[in-house]
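[1] mind folding the following:
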Amino acid sequence: LEIFLAADEKREDKGQPFAFEKEIRREEIGLGGGRSFRLNGFIDRVDELGRDLYRIIDYKTGSPAPYEDLVEFGRGRTLQPALYAVCLEQVLARERPGTAPRVAASGYLFPSRRGEGHEIMLRSFDRDRLRRLLTDLLGLIEKGLFIAGPEAKCEFCDYSGVCASGGSARAGRKREANPDIFEAYDRLDEYK
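    Just a heads-up that it's a prediction; the model follows:
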């Protein structure tokens with residue numbers, strides 16, 4: 001509790017708590033070209049920073065290490081902050097007609113001893129880049145391709161039967177046999 005309170009007190013832009021466990025129910029995320037998908041979830045905390053300006057905080061009990069280099073989308077692996085931001089803007093625009101809600105920051109707070117109150121916030125991201133990334137990822141899934149990546153440690157993975165990389169030991173052979181799949185995977189490097 002002390003770690004949690006200290007992290008909250010040291011935050012420069014205090015804001016006002018606006019919502020806790022804000023539900024996202026079947027929110028449609030448009031990708032363009034008539035494509036979309038629906039998202040469900042609960043946003044741990046929403047703070048109001050100013051008129052139509054918000055911050056999203058998701059609490060994590062683990063280590064912040066996997067998120068330390070997060071810039072935008074973590075090569076397609078860390079989409080929660082961006083997805084929650086897009087969803088919250090849409091939900092609040094419907095709930096508050098005539099407003100133009102904008103999420104100024106979205107990210108993680110690690111309020112445990114393991115995380116020591118560390119905070120990792122995505123302050124801005126390109127919503128068009130997010131749509132392109134989601135289009136790439138969903139395109140792979142539509143083809144029935146699930147890629148863990150060549151660096152994945154898949155020795156004991158329950159999903160090896162549906163994974164295009166097939167584990168690090170066989171990744172080289174799979175890459176040669178499926179260049180189009182790995183071209184899409186390599187494009188994820190653009191989405192730091």
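[2] buried residues, the helix or strand hosting residue 92. List them.
    In this structure, residue 92 sits in helix 80-95 according to DSSP states H and E. Neighbour-count burial for helix 80-95, with 16 or more other CB atoms under 10 Å as criterion, is recorded at 80-92. C-betas here are computed from N, CA, C, even on glycine.
[3] contact partners for the residue positioned nearest the centre of the chain?
    Central residue of the chain (CA atoms, centre = their mean): residue 79, 1.7 Å from the mean position. Listed by CB atoms under 8 Å, 6 or more residues apart in numbering, the contact partners of residue 79 are 73, 130, 133-134.
[4] so how far is stretch 88-99 from its chain's centroid?
    21 Å (CA atoms, centre = their mean, to the nearest Å).
[5] pLDDT of it, averaged?
    The average pLDDT for stretch 88-99 rounds to 95.
[6] follow-up on the earlier one: okay if I get the buried residues of helix 80-95 as TSV plus distance to residue 40?
    Listed next are these as TSV, based on distance: CB to CB, whole Å:
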residue	distance to residue 40
80	13
81	17
82	16
83	11
84	11
85	16
86	14
87	10
88	13
89	17
90	14
91	12
92	17
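[7] can you show me the strands along the chain?
    For the chain, strands defined by DSSP state E occupy the ranges 16-32, 35-50, 53-59, 102-110, 118-122.
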